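Asker: Provided below for reference: sequence and predicted model.
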Amino acid sequence: MPDASARRLLLTQGDADVAYGLGADQFAALRHTSDVKVASFPSSLVYYLAFNTQDSQQPALANPALWQASRWLVDYASLSQQLLKGQYQVHQSFLPIGFDGALKTTPFTLDVPKAKQILTNAGIKPGTAFTLTFTNQPPYSDIAQALQASFAKADIQIKLQPVPEAELWGKMRSRQFQSIFTYWGADYIDPNTNASTFAYNVANGPKTLAWRVGWSITQLSQLTQQAAATSDAAKRRELYQQIQTSVMQDSPFVVALQGAQQVGLRCNIEGAQQSLGVSMLYFDQITK
């Protein structure tokens, strides 16, 4: 059922027992609906803005000053608490909370004057524009509009390009985008699963997220390999925190949020459980 409103209607009418992928407003409304409840589970999904540094039409996307300014043009608190109604939490590292060594610090806030100063010092002109590609489903459309509004305060113009999710991944894997807002989910519960895609890009290597944005990182890739091969737990944790700090402070990735998997359930559904990974509910544990 591709339409979120239709999924919610089926749930409230009792024609479905479980509904995924509803918007923040829909989940908020369900909390006040009889015979329906909302379950929330920790999620390993992190949501980020990324710039294609290889785009030939907009060279500013390869400028680290734009990456840095962008960190101060996201209204993280407003996205999390007002727009998404607490459905997502502010998180600025590629390792989600719950993973060993995940950084919980959130050093960036909305600071338009600081962003404008960074842009001015780097010679990035007012009116600089780029296209933002995102999935035409909640919450991406709302987040994209919020980013468009906050970047406009620093005279950076974002053109919105909503597409079906399948098309988004095609554009991303072929580098046919200027910027993108999307998510990344861990494949397994170990720091290497995210480090090996956000912080690893070598010649003739896998087509990681770092490759997709054209980010050349020889030394960081070596550090990521070193961390994966380190057997001492404390040393390994230290290395992953070093890698996270590097990506957090100076990369074409602006990590903004960590998700929670919210699910609408009929009140007669019990035993719903989900792991930190991106797997769905364990249906074998559910009773009705």
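Answerer: Sure thing, it's come through. Numbering: from 1, shown residues only.

Asker: in this structure, what helix or strand scores lowest on average pLDDT?
Answerer: Least confident helix or strand, the chain: helix 24-30 with a mean of 87, by mean pLDDT, DSSP states H and E.

Asker: quick check: buried residues in that one?
Answerer: Buried residues in helix 24-30, counted by 16 or more other C-beta atoms under 10 Å: 24-27, 29-30. To be clear about C-beta, it is placed using only N, CA and C from the backbone, and glycine gets the same treatment.

Asker: export these as a markdown table, with columns for distance to Ile143.
Answerer: Formatted as a markdown table, the buried residues of helix 24-30 follow (distance: C-beta to C-beta, whole Å):
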| residue | distance to Ile143 |
| --- | --- |
| Ala24 | 10 |
| Asp25 | 13 |
| Gln26 | 16 |
| Phe27 | 15 |
| Ala29 | 19 |
| Leu30 | 21 |
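
Asker: which one among the residues you listed gets closest to Ala227?
Answerer: Distance to Ala227, by C-beta to C-beta, is smallest for Ala24 among those, at 35.3 Å.

Asker: so that closest one touches Gln87, yeah?
Answerer: Yes - at 4.7 Å, Ala24 and Gln87 qualify as touching, with contact defined as C-beta atoms under 8 Å.

Asker: overlap of the contact sets of those two?
Answerer: Pro139 (C-beta atoms under 8 Å, 6 or more residues apart in numbering).

Asker: could I get the contacting residues of Ala227?
Answerer: 191-192, 195, 236, 239-240, 243.

Asker: tell me what the least confident helix or strand of the chain is packed against?
Answerer: Secondary-structure packing of helix 24-30 (3 or more C-beta pairs under 8 Å, 6 or more residues apart in numbering; DSSP states H and E): helix 4-13, strand 36-51, strand 253-266.

Asker: which residues in the stretch 1-150 of the chain form strands?
Answerer: 18-19, 36-51, 88-90, 129-135 (DSSP state E, counting those that start in this stretch).

Asker: next, format these as JSON lines and append mean neighbour count, distance to Trp169 and mean pLDDT.
Answerer: Converted to JSON lines, those look like this (neighbours: other C-beta atoms under 10 Å; distance: least, C-beta to C-beta, whole Å; pLDDT from 0 to 100):
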{"stretch": "strand 18-19", "mean neighbour count": "22", "distance to Trp169": "24", "mean pLDDT": "92"}
{"stretch": "strand 36-51", "mean neighbour count": "21", "distance to Trp169": "13", "mean pLDDT": "92"}
{"stretch": "strand 88-90", "mean neighbour count": "21", "distance to Trp169": "21", "mean pLDDT": "92"}
{"stretch": "strand 129-135", "mean neighbour count": "20", "distance to Trp169": "9", "mean pLDDT": "98"}
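
Asker: columns distance to Ser251 on top of the ones you listed, output as JSON lines?
Answerer: Formatted as JSON lines, these follow (distance: least, C-beta to C-beta, whole Å):
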{"stretch": "strand 18-19", "distance to Ser251": "36"}
{"stretch": "strand 36-51", "distance to Ser251": "9"}
{"stretch": "strand 88-90", "distance to Ser251": "18"}
{"stretch": "strand 129-135", "distance to Ser251": "17"}
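
Asker: of the ones you listed, which is nearest Ile286?
Answerer: It's strand 18-19; of those, that one is closest to Ile286 (C-beta to C-beta) at 8.4 Å.

Asker: off-centre distance for the closest one?
Answerer: Distance of strand 18-19 from its chain centroid, counting by C-alpha atoms, centre = their mean, to the nearest Å, is 23 Å.

Asker: report all helices and strands that that strand contacts.
Answerer: Against strand 18-19 (3+ C-beta pairs under 8 Å, 6+ apart) you get helix 4-13, strand 253-266.

Asker: go through the ones you listed and pick out the most buried.
Answerer: Mean neighbour count (mean count of other C-beta atoms under 10 Å) peaks for strand 253-266 among the helices and strands packed on strand 18-19, with a mean of 22.
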